[in-house]
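Chemist: here are the coordinates; sequence isn't available:
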């Protein structure tokens with residue numbers, strides 16, 4: 001049976017726009033026979049994906065549309081005898097449901113060969129940075145299933161933590177930058193005001209006479225301690241990875257393996273409370289003393 005149901009926007013995964021995918025899928029829907037998970041593909045790629053799911057026991061492997069279709073399929077209309085050319089996919093990227101925004105690799109059927117791609121593959125037959133360097137290929141599908149078993153493995157905790165390490169650094173930088181910017185705005189005082197203020201300080205007890213000093217004094221009175229704290233913000237951090245059936249977490253300064261739990265009540269209370277705040281926050285939004293939500297499944301908590 002052909003499952004040519006168009007993927008809904010909320011289920012779609014891909015770097016290509018959903019509109020781009022939908023246009024080609026709708027063109028192929030009435031005519032093309034070979035589909036996998038709502039994506040029209042060449043027959044050999046469909047067979048390859050099915051073999052991977054069975055042989056590697058990866059039935060929940062998610063397919064991602066990261067490229068435009070590039071395989072031409074010629075179709076003859078049985079009623080009119082007219083011919084048309086459809087564009088379908090010969091390459092799909094792969095993700096695991098526990099971390100759907102990261103790609104574990106990709107598979108293709110191109111020019112008569114099966115291809116497995118992964119950043120973990122270093123094919124020395126090709127120059128580093130070239131198209132073939134991160135892939136292996138063969139006409140033998142059994143051989144390529146073995147290659148896939150070696151390289152298309154689920155991510156380890158440390159790999160996911162490293163992939164989102166930029167979010168932690170960016171979050172702290174944003175917090176420090178906002179505080180420093182606010183301080184700079186009020187404390188960058190011109191020399192004439194400084195001279196006037198110093199003269200006034202010498203002549204009498206300190207009472208600001210310039211607008212800029214008054215604003216700076218008011219800022220320091222209201223927010224000075226907090227702004228100084230945030231301008232050098234260096235919190236201890238913990239990375240949390242929410243999977244389909246468990247949650248793993250690890251403190252950034254810990255050398256121990258990540259802790260994995262299946263009951264949220266087993267999460268330390270301070271992490272649990274902050275995770276509840278981040279779970280309803282905007283993606284990439286930074287909350288001082290709470291953390292940052294990287295994706296729907298990955299979080300940095302500021303301990």
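Modeler: Everything's here; your move. All values reported here derive from a predicted model rather than from experimental measurement. Numbering: from 1, shown residues only.

Chemist: make it CA atoms for all contacts and neighbour counts henceforth
Modeler: OK.

Chemist: Listing request: residues of the stretch 51-200 of the chain with sub-threshold pLDDT.
Modeler: 78-79, 81, 191, 194-195, 198-199 (pLDDT under 70).

Chemist: those strands in the stretch 201-303 of the chain, which residues are they?
Modeler: Applying DSSP state E, counting those that start in this stretch to the stretch 201-303 of the chain gives strands spanning 237-242, 247-251, 259-261, 286-287, 291-293, 298-302.

Chemist: Run a quick neighbour tally on residue 26.
Modeler: 14 (other CA atoms under 10 Å).

Chemist: picking up where we left off before, hey, which of the strands of the stretch 201-303 of the chain is tucked in deepest?
Modeler: strand 291-293 (a mean of 29; mean count of other CA atoms under 10 Å).

Chemist: on contacts alone, who are the packing partners of that strand?
Modeler: helix 165-187, helix 269-278, strand 298-302 (3 or more CA pairs under 8 Å, 6 or more residues apart in numbering; DSSP states H and E).

Chemist: ok, now with 10 Å
Modeler: helix 165-187, strand 237-242, helix 269-278, strand 286-287, strand 298-302 (3 or more CA pairs under 10 Å, 6 or more residues apart in numbering; DSSP states H and E).

Chemist: what's the residue closest to the geometric middle of this protein?
Modeler: Taking CA atoms, centre = their mean, the centroid of the chain lies closest to residue 101, which sits 4.6 Å from it.

Chemist: Make JSON lines out of the strands of the stretch 201-303 of the chain and add distance to residue 171 and mean pLDDT.
Modeler: Shown next, in JSON lines, are the strands of the stretch 201-303 of the chain (distance: least, CA to CA, whole Å; pLDDT from 0 to 100):
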{"stretch": "strand 237-242", "distance to residue 171": "11", "mean pLDDT": "96"}
{"stretch": "strand 247-251", "distance to residue 171": "16", "mean pLDDT": "97"}
{"stretch": "strand 259-261", "distance to residue 171": "24", "mean pLDDT": "96"}
{"stretch": "strand 286-287", "distance to residue 171": "6", "mean pLDDT": "94"}
{"stretch": "strand 291-293", "distance to residue 171": "7", "mean pLDDT": "96"}
{"stretch": "strand 298-302", "distance to residue 171": "9", "mean pLDDT": "97"}
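
Chemist: so can I have JSON lines of the ones you listed showing distance to residue 182?
Modeler: Conversion of the strands of the stretch 201-303 of the chain to JSON lines gives the following (distance: least, CA to CA, whole Å):
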{"stretch": "strand 237-242", "distance to residue 182": "25"}
{"stretch": "strand 247-251", "distance to residue 182": "31"}
{"stretch": "strand 259-261", "distance to residue 182": "39"}
{"stretch": "strand 286-287", "distance to residue 182": "17"}
{"stretch": "strand 291-293", "distance to residue 182": "21"}
{"stretch": "strand 298-302", "distance to residue 182": "22"}
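
Chemist: Which of those strands sits closest to residue 192?
Modeler: Among the strands of the stretch 201-303 of the chain, the nearest to residue 192 by CA to CA is strand 286-287 (38.3 Å).

Chemist: Show residues contacting that closest one.
Modeler: 167-168, 170-172, 174-175, 274, 277-278, 281, 292-294, 300-302 (CA atoms under 10 Å, 6 or more residues apart in numbering).

Chemist: Just the helices from this protein, written as ranges.
Modeler: 18-28, 43-55, 141-151, 157-163, 165-187, 191-203, 211-231, 269-278 (DSSP state H).

Chemist: quick one on the thing from earlier: just name the most buried of the helices and strands packed on strand 291-293.
Modeler: The most buried one of the helices and strands packed on strand 291-293 (mean count of other CA under 10 Å) is strand 298-302, showing a mean of 26.

Chemist: Correct me if wrong: residue 89 contacts residue 40.
Modeler: Yes. If you go by CA atoms under 10 Å, residue 89 and residue 40 touch, sitting 6.2 Å apart.

Chemist: what touches both of those two?
Modeler: Joint contacts of residue 89 and residue 40 (CA under 10 Å, 6+ apart) are 21, 24, 25, 46, 69.

Chemist: ok, the second one - contacts?
Modeler: Translated: residue 24. Contacts of residue 24 by CA under 10 Å, 6+ apart are 39, 40, 68, 69, 86, 87, 88, 89.

Chemist: The second one against residue 87, yeah?
Modeler: Yes. Shown here, residue 40 and residue 87 form a contact pair, counting by CA under 10 Å, at 8.7 Å.

Chemist: Out of those two, name the residue with the larger neighbour count.
Modeler: A count of neighbours by other CA under 10 Å puts residue 40 above the other of residue 40 and residue 87, at 31 against 20.

Chemist: Cool, thanks, signing off.
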